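A.B. asks: give me the fold of what follows.
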Amino acid sequence: MSSPQISTRRTLPAGLALAGGAITFTSMYLAAGALTPLLVVYKEQWDFAPSMLTLAFAVYAIGFLAAVLTAGSLSDYLGRRPVLIGALVVQVASNLLFLFAADVGWVIAGRIVQGVASGVATSAFTAALVEVAPANRKRLGTILGSVGLTGGLGGGSLLAGLAIQLTPSANTVIFVVLTVATVLGIFAIAFSPETAPRAAGALRSLVPRLAFPSATRREFIAAAPVVAAVWMLAGLSGGLAPSMVRSVFHMDSGLLNGFAGFVAPAVSAVIGLAFANVAPRRAMTIGIYASIIGAVGIITGVLVGSLAVVIVGQAVAGVGFGASFTAALRLIFPLAAPHQRAGVVAGIYLVSYLALGVPIIVEGQLVGPLGEVPAVFWYTAVTILLAAISLIAQLRLQNSQGSPGRRSGLKPMDDAKVAASASPVARAAGR
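C.D. replies: Residues are numbered from 1 along each chain as shown. From the prediction side, this is the model:
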């Protein structure tokens, strides 16, 4: 459930340490979400090609994936505090790159650095928030870890959109505030209890491990297409939707740009928590249907020129993400032996972040020859196809197991394990 707090130095009380850690973790994802509407501002300011906008969005996934596959479990060996402080220092560097950016090259570099910081910190923060929480508030630590990520992404987009609407110096305001918040977070972590003792094997843990044990392959193959689909839709919401507010719907509103990036992660955060007690097979099926309906809504809104329909489609797609991705983890993760789980989680996140980053870069390259609306149409159509493949696979699995609920004999995971498995390279994965 949690490791004992092993620090003997003077530290913050558990409740204050939990609050400081949760705010700091959320601020990292506020910064990632803030780039969603700011990329539109950068494009207008520096007049670069649409393909560069999608590249600037997608390279975050590359940095994140590289970090999480190598250093994602480093805090299990070096301790939570030094790893988190190091990641926050890297986060400050990324904020400064955005603050002083002179062209899109600075933004791309900042996004890569930002992805590295998030990839290193996310699993350590997820574990630390549960471990540092008072004994009667472990569930709160789990919830804060889950909501901080998706809620931060959505909140960052919305708040940045509001700043763009209200001030001509939005970039400066946003990253000065976030830099100060991150520096304060470094102090909060420095004075928080250390909850993970040092252990041998830090260098060995840096070697990426992907594993698909035979017991997990059937579930993984059935879930992988919809996992890719919902992460592609997340990429559309974060990388394309804010830009389309202006280029497709001809509305010049920073607030609408921010809201377009806010709605899907906000809905997915709520649904991920609401579906924690729903049987995973049922949650998966609901999520697949929601992702298909959401994608159809997005396509319809783009074709008929209705931003409202697109927003509704994004919200429904957010339901699909929150339900199906958590369900995929709950269906696959328990089937692996403890020593195999890190490789399984790494494999799931490899599919996820490749789907977030690579297709949207391809879409950006297609805007030139095809036009923006056709490129978005085909991008979204691919997500429908992938979700449909998973739906067929899930129905076959359900029929073969003779139960509309979860896999026979599979125990549901408790909230802490769901949150742990949902964090990149989970601590519970036993790497």
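A.B. asks: all the strands of the stretch 151-300 of the chain, residue numbers only.
C.D. replies: In the stretch 151-300 of the chain, no segments count as strands under DSSP state E, counting those that start in this stretch.
A.B. asks: which residues of it score low on pLDDT?
C.D. replies: Filtered on pLDDT under 70, the stretch 151-300 of the chain yields no residues whatsoever.
A.B. asks: which stretches of it form helices?
C.D. replies: In the stretch 151-300 of the chain, the segments counted as helices under DSSP state H, counting those that start in this stretch are 170-190, 202-205, 214-235, 241-247, 254-274, 280-304.
A.B. asks: let me know which of the ones you listed is the nearest to S75.
C.D. replies: With CB to CB as the criterion, S75 lies closest to helix 202-205 of those, at 9.7 Å. For glycine as for every other residue, the C-beta is placed from the backbone atoms N, C-alpha and C.
A.B. asks: which residues sit against that closest one?
C.D. replies: Counting by CB atoms under 8 Å, 6 or more residues apart in numbering, the neighbours of helix 202-205 from elsewhere in the structure are S73, L74, D76, Y77, L78, R431.
A.B. asks: tell me which element the fourth one falls in.
C.D. replies: In this structure, Y77 sits in helix 75-78 according to DSSP states H and E.
A.B. asks: pLDDT averaged over that helix - what is it?
C.D. replies: The predicted model gives helix 75-78 an average pLDDT of 88.
A.B. asks: in whichever helix or strand comes after that helix, which residues are buried?
C.D. replies: Downstream of helix 75-78, the first helix or strand assigned by DSSP H and E is helix 80-99. Across helix 80-99, burial judged by 16 or more other CB atoms under 10 Å covers 80-88, 90-95, 97-99.
A.B. asks: and helix 80-99, what does it pack against?
C.D. replies: In terms of contacts (3 or more CB pairs under 8 Å, 6 or more residues apart in numbering; DSSP states H and E), helix 80-99 is packed against helix 14-46, helix 104-132, helix 170-190.
A.B. asks: and that helix with helix 170-190, angle?
C.D. replies: Angle between the axes of helix 80-99 and helix 170-190 is 170 degrees (criterion: axes from the mean of the first three to the mean of the last three CA atoms, to 10 degrees).
A.B. asks: and helix 80-99, how far out from the chain middle?
C.D. replies: On the basis of CA atoms, centre = their mean, to the nearest Å, helix 80-99 sits 18 Å off its chain's mean C-alpha point.
A.B. asks: please save the CA atoms from it in CSV.
C.D. replies: In CSV, the C-alpha atoms belonging to helix 80-99 read as follows (Å, rounded to 0.1, in the frame of the first residue of the first chain):
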residue,chain,number,x,y,z
ARG,A,80,11.7,9.8,-4.5
ARG,A,81,13.1,13.2,-3.4
PRO,A,82,16.4,13.4,-5.4
VAL,A,83,14.6,12.1,-8.6
LEU,A,84,11.7,14.6,-8.2
ILE,A,85,14.0,17.5,-7.5
GLY,A,86,16.1,16.6,-10.6
ALA,A,87,13.0,16.4,-12.7
LEU,A,88,11.7,19.8,-11.4
VAL,A,89,15.0,21.4,-12.2
VAL,A,90,14.6,20.1,-15.8
GLN,A,91,11.1,21.5,-15.8
VAL,A,92,12.4,24.9,-14.8
ALA,A,93,14.7,24.7,-17.8
SER,A,94,11.8,23.9,-20.1
ASN,A,95,9.7,26.8,-18.7
LEU,A,96,12.7,29.2,-19.4
LEU,A,97,13.0,28.0,-23.0
PHE,A,98,9.3,28.9,-23.5
LEU,A,99,9.7,32.2,-21.7
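A.B. asks: make CSV out of the helices of the stretch 151-300 of the chain and add mean neighbour count and distance to S390.
C.D. replies: Formatted as CSV, the entries for the helices of the stretch 151-300 of the chain read as follows, by neighbours: other CB atoms under 10 Å; distance: least, CB to CB, whole Å:
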stretch, mean neighbour count, distance to S390
helix 170-190, 19, 37
helix 202-205, 14, 32
helix 214-235, 23, 4
helix 241-247, 24, 23
helix 254-274, 25, 17
helix 280-304, 23, 6
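A.B. asks: JSON lines please, covering those helices and showing distance to G347.
C.D. replies: Listed next are these as JSON lines, based on distance: least, CB to CB, whole Å:
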{"stretch": "helix 170-190", "distance to G347": "30"}
{"stretch": "helix 202-205", "distance to G347": "17"}
{"stretch": "helix 214-235", "distance to G347": "7"}
{"stretch": "helix 241-247", "distance to G347": "29"}
{"stretch": "helix 254-274", "distance to G347": "20"}
{"stretch": "helix 280-304", "distance to G347": "17"}
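A.B. asks: ok, which of those helices comes nearest G343?
C.D. replies: Between G343 and the helices of the stretch 151-300 of the chain, the tightest spacing by CB to CB is seen for helix 214-235, at 9.7 Å.
A.B. asks: what packs against the closest one?
C.D. replies: In this structure, helix 214-235 packs against helix 50-71, helix 254-274, helix 280-304, helix 307-332, helix 341-370, helix 372-401, with contacts taken as 3+ CB pairs under 8 Å, 6+ apart.
A.B. asks: confidence-wise, which of the ones you listed is weakest overall?
C.D. replies: When these are compared on average pLDDT, helix 341-370 comes out lowest at a mean of 86.
A.B. asks: report the angle between it and helix 307-332.
C.D. replies: In this structure, helix 341-370 runs at an angle of 150 degrees to helix 307-332, with the same axes, to 10 degrees as the basis.
A.B. asks: and helix 341-370, which residues are buried?
C.D. replies: 341-349, 351-361, 363-364, 366-367.
A.B. asks: distance between stretch 129-139 and the chain's centre?
C.D. replies: Averaging C-alpha positions (CA atoms, centre = their mean) puts stretch 129-139 23 Å from its chain's average.
A.B. asks: please save the CA atoms from that stretch in PDB.
C.D. replies: This file holds the C-alpha atoms of stretch 129-139, laid out as PDB (Å, rounded to 0.1, in the frame of the first residue of the first chain):
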ATOM      1  CA  LEU A 129       1.700  11.100  -3.200                       C
ATOM      2  CA  VAL A 130       0.300   7.800  -1.900                       C
ATOM      3  CA  GLU A 131       3.300   7.100   0.300                       C
ATOM      4  CA  VAL A 132       3.500  10.500   2.000                       C
ATOM      5  CA  ALA A 133      -0.300  10.800   2.600                       C
ATOM      6  CA  PRO A 134      -1.400  10.300   6.200                       C
ATOM      7  CA  ALA A 135      -2.500   6.800   7.000                       C
ATOM      8  CA  ASN A 136      -6.200   7.700   6.800                       C
ATOM      9  CA  ARG A 137      -5.800   9.600   3.500                       C
ATOM     10  CA  LYS A 138      -4.100   7.100   1.200                       C
ATOM     11  CA  ARG A 139      -7.100   7.100  -1.200                       C
END
